[in-house]
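> Build me a structure from this.
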Amino acid sequence: MRRRYLLLFIFLLIIVISFKGSSLSFIEADYNINEVSEKKNVVMIIIDSMTGEILREGFKNNNFSALLFLAKNGMFYDDLVAPIPSMSVTIESTILTGTMPDFHRIPGLTWYKPEENRLVNYGSTLKAFLKIGPTAMFEDVIYNLNNEHLSKEVSTVFEDLHNRGRTSGAINTLVYRGSRDYEVMVPTLLRKITHSPRNIELKGPDILAFGKLVQPELMHEKKLPDSIFKKYGLNDKYSSEVTQTLIRQNKLPDFSIVYFPDFDKKAHKHGPMYIDGLKKADQYLGEVLDAYGSWEKAIKEDIFIVIGDHGQDNTIKNKEKLTIDLDDIYEQYKISRFSGNVDKGEIAFGNNHRLTYVYSIDEKLSFSNLANIAMNDNRIALSAWIENNWINVISPDVNGIFKFKSGGKWRDKYNQEWTIDGDPNILSIEVHSENKLRYGDYPDILNQLESALKSHDVPVMILAAKPGFSFYSEAAPIHKDGGEHGGIHKNEILSAMIITGTDEVPHYRRMVDLKSYILSLFDEKS
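Have a look, this model is predicted:
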């Protein structure tokens with residue numbers, strides 16, 4: 001998924017670096033990282049789209065030697081649950097804040113911001129970039145995401161560790177808000193193109209690396225894979241080499257989060273079980289372990305948490321059948337264009353590929369009616385919206401309506417309490433004795449739907465696609481006979497997790513529980 005908003009940086013950096021005499025300079029905050037520590041550091045590595053299924057298949061033939069080594073010497077899980085929509089920007093926000101989208105306020109890759117009368121998009125496609133324009137997208141990705149959109153009512157793990165006197169680092173993650181002050185000096189040409197100020201002030205962790213745009217001082221003399229042909233450093237090799245350098249120079253922070261983006265693109269093209277595509281990520285992970293002197297020394301000295309941020313669902317070969325065309329479904333309404341003022345239309349879409357937010361710009365249009373119109377397409381799994389404090393869910397496959405809300409006598413595996421009414425089969429939920437709920441195809445679906453629907457400042461409706469299909473609207477990508485994510489099905493919601501170097505495990509295997517787990521590791525060592 002990350003490749004879509006990498007297009008923005010590639011385009012902008014081409015302009016900057018190809019212009020003679022222009023460059024991006026970066027002023028770092030002072031930080032103090034102990035060169036020798038008797039306590040274990042924690043290194044979290046996110047491999048985009050890595051699932052337990054592909055790891056098990058690869059392990060049979062020793063395809064992933066580094067991942068297999070960590071799994072054999074630690075704990076391996078295949079059921080780490082992501083929030084919805086299952087997009088990296090929302091998932092990173094959940095991991096780093098320990099909250100769901102209704103608290104951290106990053107609803108997805110594309111969403112409606114009513115006070116600015118526009119759709120926010122963090123760079124889903126080149127078409128999206130060209131339609132929205134360089135100014136809005138540059139500001140959203142470089143500044144607004146971390147400084148404005150990510151709620152100030154929640155703290156990141158970087159901020160919490162700073163308050164505890166711990167150091168932290170982020171390498172190639174899009175979400176990185178921390179407590180240290182940084183200043184990006186925007187070159188003249190780029191400033192003219194994007195109408196941005198000369199200096200952009202950011203806040204990040206003690207170590208911050210984001211491709212060629214942001215590099216730690218200790219990397220300035222090192223030749224890095226950050227050319228135009230290497231996505232200007234937004235790649236696995238760059239992430240690996242920065243991490244290796246930190247290890248070899250004894251500059252690794254107490255906690256680091258390192259992002260490997262490349263497999264996602266390959267899975268979109270070849271499908272989520274493309275083993276050859278994951279081999280490269282495993283190779284770069286192995287090089288990180290090599291930096292310690294030996295792999296055995298690595299897991300003796302530090303704690304490694306390797307996760308996928310989501311899975312991917314296989315898409316069908318026929319492009320026409322694959323694409324659920326939102327314009328066709330709602331052809332009777334005036335649809336807001338992807339760029340420009342949203343209030344010029346009656347409805348608008350926040351298309352997150354296998355999940356779409358539908359916004360009723362004309363307040364006369366009811367979500368109930370809009371949902372029922374969508375149910376005429378049996379490629380759609382369900383529609384959900386809030387009405388009279390209840391979350392309403394309907395499906396083309398089950399008659400009637402299912403309603404639920406927080407609080408009540410029913411309890412799920414995550415000890416969350418609910419009140420339910422109607423047919424739970426709509427959400428693949430089994431009702432058991434002793435007031436217990438068991439999830440099926442949609443892990444943690446009640447919490448996921450509630451948090452996604454409440455993540456906006458305006459009412460919103462959700463449409464989710466069945467396995468194999470994707471939503472299409474203006475500027476949206478389509479990956480036929482490959483892989484896609486963004487939706488609610490376990491194929492894309494569940495990812496792999498390997499923990500090595502500690503016996504401690506998260507209380508629940510969900511992205512939202514990882515922040516408290518990370519902090520607990522430092523409580524344990526204090």
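
> backbone phi and psi for the closest residue to Lys480 other than its chain neighbours, please?
Of all residues not flanking Lys480 in the chain, Lys319 sits nearest, at 4.6 Å (C-beta to C-beta, 6 or more residues apart in numbering). To be clear about C-beta, it is placed using only N, CA and C from the backbone, and glycine gets the same treatment. Main-chain dihedrals, Lys319, degrees, to the nearest 10: phi -60, psi -40.

> Tell me which other helices or strands the helix or strand hosting Ser239 touches.
Ser239 belongs to helix 236-248 when assigned by DSSP states H and E. Helix 236-248 is packed against strand 168-171, strand 207-209, strand 255-260, helix 275-290, with contacts defined by 3 or more C-beta pairs under 8 Å, 6 or more residues apart in numbering; DSSP states H and E.

> now it: mean pLDDT?
Mean per-residue pLDDT for helix 236-248: 95.

> Now do the buried residues in it.
236-247 (16 or more other C-beta atoms under 10 Å).

> For these, give me TSV that also has distance to Val512.
Below are the buried residues of helix 236-248 laid out as TSV (distance: C-beta to C-beta, whole Å):
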residue	distance to Val512
Asp236	26
Lys237	30
Tyr238	28
Ser239	24
Ser240	27
Glu241	31
Val242	27
Thr243	25
Gln244	31
Thr245	32
Leu246	28
Ile247	29
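
> for the residues you listed, which one is nearest Gly468?
Nearest to Gly468, judged by C-beta to C-beta, of these is Asp236 at 28.3 Å.

> Verify the stated contact: that closest one with Lys265.
No: using C-beta atoms under 8 Å, Asp236 is not in contact with Lys265; the gap is 10.7 Å.

> sorry, back to before: distance of the residue nearest to Lys480 from Lys364?
35 Å (C-beta to C-beta, to the nearest Å).

> higher neighbour count, those two?
Neighbour count, other C-beta atoms under 10 Å: between Lys319 and Lys364, Lys319 has more, with 14 against 6.

> Am I right that that one is in contact with His479?
No: if you go by C-beta under 8 Å, Lys319 and His479 don't touch, sitting 9.7 Å apart.

> give me the number of residues near Leu519?
The tally of other residues near Leu519 (other C-beta under 10 Å) stands at 18.

> where's it relative to Leu449, distance?
Remark: distance between Leu519 and Leu449 (C-beta to C-beta) = 27 Å.

> and the longest strand for this protein?
strand 398-411 (DSSP state E).

> Return the distance of it from the chain's centre.
Centroid displacement of strand 398-411 relative to its chain, using C-alpha atoms, centre = their mean, to the nearest Å, is 28 Å.

> Could you verify that Met137 is part of a helix?
Yes: assignment of Met137 by DSSP: H, G, I helix; E, B strand; the rest coil places it within a helix.

> list the contacts for it?
By C-beta atoms under 8 Å, 6 or more residues apart in numbering, the contact list for Met137 reads 8, 121-123, 128-129.

> and if you look at Asp377?
Neighbour list for Asp377: 324, 329, 396 [criterion: C-beta under 8 Å, 6+ apart].

> rewinding a little: name the residues contacting each of Asp236 and Lys265.
Joint contacts of Asp236 and Lys265 (C-beta under 8 Å, 6+ apart) do not exist.

> tally of neighbours for Lys127?
14.

> picking that back up, what about the contacts of Met137, which are in strands?
Judged by DSSP E, the contacts of Met137 include Asn121 as members of strands.

> which residues of the stretch 1-150 of the chain fall in helices?
With DSSP state H, counting those that start in this stretch, the ranges of helices along the stretch 1-150 of the chain come out as 2-18, 52-60, 65-72, 88-97, 101-104, 126-132, 134-138.

> Quick one: closest of those helices to Asp254.
Using C-beta to C-beta, the helices of the stretch 1-150 of the chain put helix 88-97 closest to Asp254, at 15.2 Å.

> angle of the closest one against strand 255-260?
Between helix 88-97 and strand 255-260, the angle comes out at 170 degrees (axes from the mean of the first three to the mean of the last three C-alpha atoms, to 10 degrees).

> What residues sit buried inside stretch 452-463?
Neighbour-count burial for stretch 452-463 flags 452-456, 460-463 (criterion: 16+ other C-beta under 10 Å).

> Could you do stretch 113-129 as well?
Buried residues in stretch 113-129, counted by 16+ other C-beta under 10 Å: 113, 118-125, 128-129.

> Including pLDDT and distance to Tyr472, could those residues go into a markdown table?
Listed next are the buried residues of stretch 113-129 as a markdown table, based on pLDDT from 0 to 100; distance: C-beta to C-beta, whole Å:
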| residue | pLDDT | distance to Tyr472 |
| --- | --- | --- |
| Lys113 | 96 | 22 |
| Arg118 | 94 | 21 |
| Leu119 | 94 | 16 |
| Val120 | 94 | 19 |
| Asn121 | 92 | 15 |
| Tyr122 | 90 | 19 |
| Gly123 | 79 | 18 |
| Ser124 | 67 | 12 |
| Thr125 | 71 | 12 |
| Ala128 | 74 | 13 |
| Phe129 | 72 | 18 |
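
> Relative to Lys405, which of the residues you listed is nearest.
Lys113 (26.4 Å).

> ok, the residue lying closest to Pro443 once chain neighbours are set aside to Ile386 distance?
If the residues on either side of it in the chain are set aside, Pro443 comes closest to Val81, at 4.8 Å by C-beta to C-beta, 6+ apart. Here the criterion is C-beta to C-beta. By it, Val81 lies 22 Å from Ile386.

> More neighbours: which of those two?
Ranked by neighbour count (other C-beta under 10 Å), Val81 and Ile386 place Val81 first, with 24 against 17.

> Could you report the pLDDT at that one?
Taking Val81 on its own, its pLDDT is 98.

> rewinding a little: closest one of the contacts of Asp377 to Asp503?
Comparing the contacts of Asp377 against Asp503 with C-beta to C-beta places Ile324 closest, at 45.6 Å.

> Only alpha carbons, please: show stretch 349-364 as CSV.
The C-alpha trace of stretch 349-364 is given here as CSV (Å, rounded to 0.1, in the frame of the first residue of the first chain):
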residue,chain,number,x,y,z
PHE,A,349,-16.4,8.8,-1.4
GLY,A,350,-13.4,8.2,0.8
ASN,A,351,-12.2,5.2,-1.3
ASN,A,352,-9.8,3.0,0.7
HIS,A,353,-9.9,0.3,-2.0
ARG,A,354,-11.7,-2.6,-0.3
LEU,A,355,-13.5,-0.3,2.1
THR,A,356,-15.2,2.9,1.1
TYR,A,357,-16.5,5.8,3.3
VAL,A,358,-19.7,7.3,1.8
TYR,A,359,-20.5,10.9,2.9
SER,A,360,-23.9,12.4,2.5
ILE,A,361,-23.2,16.0,1.6
ASP,A,362,-26.8,16.7,1.0
GLU,A,363,-28.2,16.2,4.5
LYS,A,364,-31.6,15.1,3.0
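
> what stretches of the stretch 101-250 of the chain score poorly on pLDDT?
For the stretch 101-250 of the chain, residues meeting the criterion pLDDT under 70 lie at 124, 185-191, 193-194, 196, 212, 214-216, 218-221, 223-233.

> Which of the helices and strands packed on helix 236-248 has the highest mean neighbour count?
Among the helices and strands packed on helix 236-248, the stretch with the highest mean neighbour count (mean count of other C-beta atoms under 10 Å) is strand 168-171, at a mean of 29.

> Please state the offset of it from the chain centre?
Mean-position distance between strand 168-171 and its chain equals 16 Å (C-alpha atoms, centre = their mean).

> Now do the helices in the stretch 251-400 of the chain.
Applying DSSP H, counting those that start in this stretch to the stretch 251-400 of the chain gives helices spanning 262-270, 275-290, 295-301, 319-322, 326-329, 367-374.
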